[in-house]
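1. when you get a sec, could you give me coordinates for this:
(one chain, ligands or ions: 3)
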Amino acid sequence: MNAVKNNKISMIGVPLQHGADRIGVDMGPSAIRGSNVQHRLEALGYQIQDLGDIHVNKMIEAYAAGEKLKHLKEIRNVNSRLCQVIADEIGKGQFPLVLGGDHSIAIGTIKGVLQHVNKLGVIWFDAHTDVNTEETTFSGNIHGMSLAVALGYGHQELVSIGGIDKKIRSENVVIIGARSIDQGERKFLKEKGIRVFTMHDIDRNGMKQVMEEALEIVTNGTDGVHLSLDLDGMDPDDAPGVGTPVSGGMSYRESHLAMEMLYERDCLVSAEFVEVNPMLDQHNKTARTAVELIGSVFGERIL
Ligand SMILES: NC(=[NH2+])NCCC[C@H](N)C(=O)O
Ligand SMILES: [Mn+2]
Ligand SMILES: [Mn+2]
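-> Numbers count the residues shown, from 1 in each chain. Ligands and ions are numbered 1, 2, ... in the order given. From the prediction side, this is the model:
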């Protein structure tokens, strides 16, 4: 498969904000590009093709009246297009690097990868667990549902993207950094047996041990691993430009260690960096941090 050490990367921006409440996350891809992600990767010896942004229609009203799942139609359309692009790029032997955009774009990315990789491991780096469904959501925000959809649970319009049979298995998923889990999500995680490494586990055992265990789970019996990294997994001191910040997150160093260990394992087939919101950021710190993490996941080292 197209493990990360294959040196051809396709960069795809998805300026979607319809899945989140705070406007501005649609500017994430430009903030990340503007922080020189391409040069950074080229310096590491990669060939980058920037495919530009997936088309997203403007958000006309923040709350579409009477909709339980906010902006379902546009989110479905954008993710269907994204799914197709990801599938095409992997088909050409490219490694897809997706820049968000709110976390609902994980639906399109993962569904696209699943067109080629049947048994896909997923590392979900996040303060949240994003396993709400239409039944459990308090907010109606689809960025809080994308992992459930990738597992095959949720609204039909979303689950059917790229084919209803294309889904990840709960035993191949780990969530790292969680510290804000809704009531319905707790039940879901327990029922499906999804392994969650919470901040408590990171505090207690350290990131090194957490990543060793996590990598074992996601690589065991799979043909590749997808990294879905929500910047709010990090502590808001290090990544303030996110729409749903939760204090007590992963530190700058812990996050880099996780990325470095992922690179060493050479198991990634795709990656996405989401929820960078320049309107809420401080001097572009969060976009810059995202680019630094991208550097580490693609092999940058201190020495
Ligand atoms: N990708 C994210 N930032 N998700 C935040 C989700 C927050 C909350 N659990 C919700 O469903 O609305
Ligand atoms: Mn989150
Ligand atoms: Mn998330």
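2. how much space between the closest residue to residue 271 other than its chain neighbours and ligand 3?
-> Closest residue to residue 271 apart from its sequence neighbours, by C-beta to C-beta, 6 or more residues apart in numbering: residue 227 at 4.2 Å. Every residue, glycine included, has its C-beta placed from N, CA and C. Distance of residue 227 to ligand 3, computed by C-beta to the ion, to the nearest Å: 13 Å.
3. beta-bridge partners for the residue nearest the centre of the chain, please?
-> By C-alpha atoms, centre = their mean, the mean C-alpha position of the chain lies nearest to residue 228, the distance being 2.6 Å. On the basis of DSSP bridges, residue 228 is bridged to residue 124, residue 272.
4. need the three-state assignment for the residue nearest to residue 89 when sequence neighbours are not counted.
-> Nearest in space to residue 89, with sequence neighbours left out and distances taken as C-beta to C-beta, 6+ apart, is residue 10 at 4.4 Å. The three-state label for residue 10, taken from DSSP: H, G, I helix; E, B strand; the rest coil, comes out as strand.
5. ok, what's across the strand from residue 10?
-> residue 49, residue 96.
6. was I right about it contacting residue 98?
-> No: the pair residue 10 and residue 98 does not pass the contact test of C-beta atoms under 8 Å, sitting 9.2 Å apart.
7. neighbour count winner among those two?
-> When residue 10 and residue 98 are compared for neighbours, residue 98 comes out ahead with 28 against 22, by other C-beta atoms under 10 Å.
8. helix, strand or coil for that one?
-> Classified using three-state DSSP, residue 98 is strand.
9. show me the helices in the stretch 101-250 of the chain, by range?
-> All helices of the stretch 101-250 of the chain, identified by DSSP state H, counting those that start in this stretch, fall at 106-113, 146-150, 156-159, 183-192, 199-219.
10. could I get these as CSV with mean pLDDT and mean neighbour count?
-> CSV is the format used below for the helices of the stretch 101-250 of the chain (pLDDT from 0 to 100; neighbours: other C-beta atoms under 10 Å):
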stretch, mean pLDDT, mean neighbour count
helix 106-113, 99, 30
helix 146-150, 99, 29
helix 156-159, 98, 18
helix 183-192, 98, 16
helix 199-219, 98, 17
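11. can you redo those helices as TSV with distance to residue 29?
-> TSV is the format used below for the helices of the stretch 101-250 of the chain (distance: least, C-beta to C-beta, whole Å):
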stretch	distance to residue 29
helix 106-113	13
helix 146-150	17
helix 156-159	22
helix 183-192	28
helix 199-219	26
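12. I'd say residue 168 and residue 149 touch.
-> No: the pair residue 168 / residue 149 is not scored as a contact, 10.1 Å apart, by C-beta under 8 Å.
13. so what's residue 129 up against?
-> Applying C-beta atoms under 8 Å, 6 or more residues apart in numbering to residue 129 gives the contacts 147, 175, 178, 181, 185, 189, 194, 196.
14. at 6 Å instead, please
-> 175, 178, 181, 185 (C-beta atoms under 6 Å, 6 or more residues apart in numbering).
15. wait, doesn't residue 143 sit right on residue 19?
-> Yes: at 3.7 Å, residue 143 and residue 19 qualify as touching, with contact defined as C-beta atoms under 6 Å.
16. ok, for residue 195, nearest residue in space, not its chain neighbours?
-> Closest to residue 195 by C-beta to C-beta, 6+ apart is residue 174, at 4.9 Å.
17. is that neighbour in a bridge, and if so with what?
-> Here residue 174, judged by DSSP bridges, has bridge partners residue 123, residue 195.
18. roughly how far does the nearest residue to residue 149 once chain neighbours are set aside sit from ligand 2?
-> Nearest residue to residue 149 in three dimensions, chain neighbours excluded: residue 158, at 4.6 Å (C-beta to C-beta, 6+ apart). Residue 158 sits 18 Å away from ligand 2, going by C-beta to the ion.
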